[in-house]
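*Asks:* Provide a 3D model corresponding to the input given below.
(one chain, ligands or ions: 1)
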Amino acid sequence: MAIRVLGTGSYLPPKVVTNEDIAAALDTSDEWIYSHTGIHARHVAEDGETTSTMAAKAARSALEMAGVKPEEIGLIVLATSTPDYATFPSTACVVQSLLGCENAGAFDLQAACAGFIYALEQARGFVNFYPDKKALVIGAECLTRILDWTDRSSCILFGDGAGAVVLGNDDAPGVASTKTTAHTILGADGKGQGFIMRTGGTREALPLDPVTGIPLKPDPISPKLTLQGHDVFAFAVRKLSKVVGDLCERLGTTPDALDRVFAHQANGRIIEATARRMKLPIEKFWLNLETTANTSAASVPISLDQAVRAGELKDGMKIVMVGFGSGLTYGGTFCHWPFL
Ligand code: UT7
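*Replies:* Presented below is the predicted three-dimensional model:
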């Protein structure tokens, strides 16, 4: 049995907001933002676009590349921190309906910017367990709707978009005996729960007066994302290099043997510091945040799709996908592309 990525897809909304656009409304500049983050612009969902519509577009593109029909999908795992609805129904169910994946189970997964790595592992387990089924793994975000656009240290970092992969078994002759190649690390450190937050859950809404149902505390109005940038930066560099190093060690290899690293695109300086720490040339890291900014759970699958469509991922390449995010969460997957 050989679980493989059968197709990839991504979607970025056409509307682009540049650093200059933000600087027209806020005390910042393209020079500051680019030199501190590597970001020049970000895509922003327009009216009518939501996490589910972007996810469905990325997924359709992945299905098309895979040559897989919607009804062949047995599971949809959608990683997001910006679901269409505050809690339920899941965005994955909305996408299931938009795509017509009538034979699929569907659920959302919340592991923030590491969400795609977590989701991939859930889907890999599913296909491993049900070898005749295929899975759709999506990372999709509409982050620009939850930003505090008056906070120059956070609103400049994020953008919207979606990426998707289709997983299935490759039964082609010569492949059937191939062992699964992926090795994954998933981790969390809840002590850092305050570093990146969007409040507004039941923790704030409760308690209600049990008789009248009137909240004893007012609901916070449209809670926005908050960020302790320095703390996240330090955590990110430490964990990205540790996860990649540990994955390589498990496989009896070293990071310099890797062909490509698809790291979560949070900040170009985080990726540069990780590359330095690991003594890896920066060219091994896929970089697109100059034009996409941080798309959280969507960032790794968008990068992957861009690399595939640019012909930069060849069969057998040793790659690592690695991410970190609110929670705090982190995770990485090593594979011989396209086999998981
Ligand atoms: O995916 C996970 C989420 N991603 C992250 O959490 C990102 C991780 N952190 C970072 O990327 C960086 O910490 C930031 C880009 C957020 C901040 O960069 P920094 O180099 O750590 O800046 P800083 O927070 O140390 O701020 C330095 C100065 C401050 O001014 P004072 O107090 O020294 O006068 C800030 O007010 O830069 C100021 N500043 C800005 N100035 C112009 C912060 N944001 C801006 C801005 N434009 N946009």
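
*Asks:* Any idea what the residue nearest to Met65 when sequence neighbours are not counted is bridged to?
*Replies:* Distances taken as C-beta to C-beta, 6 or more residues apart in numbering place Gly7 nearest to Met65, at 3.4 Å, with adjacent residues excluded. Heads up, the C-betas are built off the backbone N, CA and C, glycines and all. Counting by DSSP bridges, Gly7 forms beta bridges with Val166.

*Asks:* so what's the residue of the chain found nearest the ligand closest to, chain neighbours aside?
*Replies:* The nearest approach of the chain to the ligand comes at Gly229, 2.7 Å away (C-beta to the nearest ligand atom). Once flanking residues are discounted, Gly229 sits nearest to Ser153: 6.0 Å by C-beta to C-beta, 6+ apart.

*Asks:* mind listing the helices for the stretch 201-340 of the chain?
*Replies:* In the stretch 201-340 of the chain, helices defined by DSSP state H, counting those that start in this stretch lie at 202-205, 229-250, 268-278, 289-292, 299-309, listed in chain order.

*Asks:* ranking the ones you listed by burial, who's on top?
*Replies:* Mean neighbour count (mean count of other C-beta atoms under 10 Å) peaks for helix 299-309 among the helices of the stretch 201-340 of the chain, with a mean of 25.

*Asks:* would you put the C-alpha positions of that helix in PDB?
*Replies:* Presented in PDB, the C-alpha positions along helix 299-309 are these (Å, rounded to 0.1, in the frame of the first residue of the first chain):
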ATOM      1  CA  SER A 299       0.100  28.500   4.100                       C
ATOM      2  CA  VAL A 300       1.700  25.100   3.800                       C
ATOM      3  CA  PRO A 301      -0.800  23.700   1.200                       C
ATOM      4  CA  ILE A 302      -0.700  26.900  -0.800                       C
ATOM      5  CA  SER A 303       3.100  26.600  -0.900                       C
ATOM      6  CA  LEU A 304       2.900  22.900  -1.800                       C
ATOM      7  CA  ASP A 305       0.500  23.600  -4.700                       C
ATOM      8  CA  GLN A 306       2.700  26.500  -6.000                       C
ATOM      9  CA  ALA A 307       5.700  24.200  -6.000                       C
ATOM     10  CA  VAL A 308       3.900  21.400  -7.800                       C
ATOM     11  CA  ARG A 309       2.500  23.700 -10.500                       C
END
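
*Asks:* close to the ligand, is that helix?
*Replies:* No - Helix 299-309 stays clear of the ligand (C-beta under 6 Å from any ligand atom), getting no nearer than 8.0 Å.

*Asks:* ok now that helix, how far from the chain's centre?
*Replies:* Taking C-alpha atoms, centre = their mean, to the nearest Å, one finds helix 299-309 lying 11 Å from the centre of the chain it belongs to.
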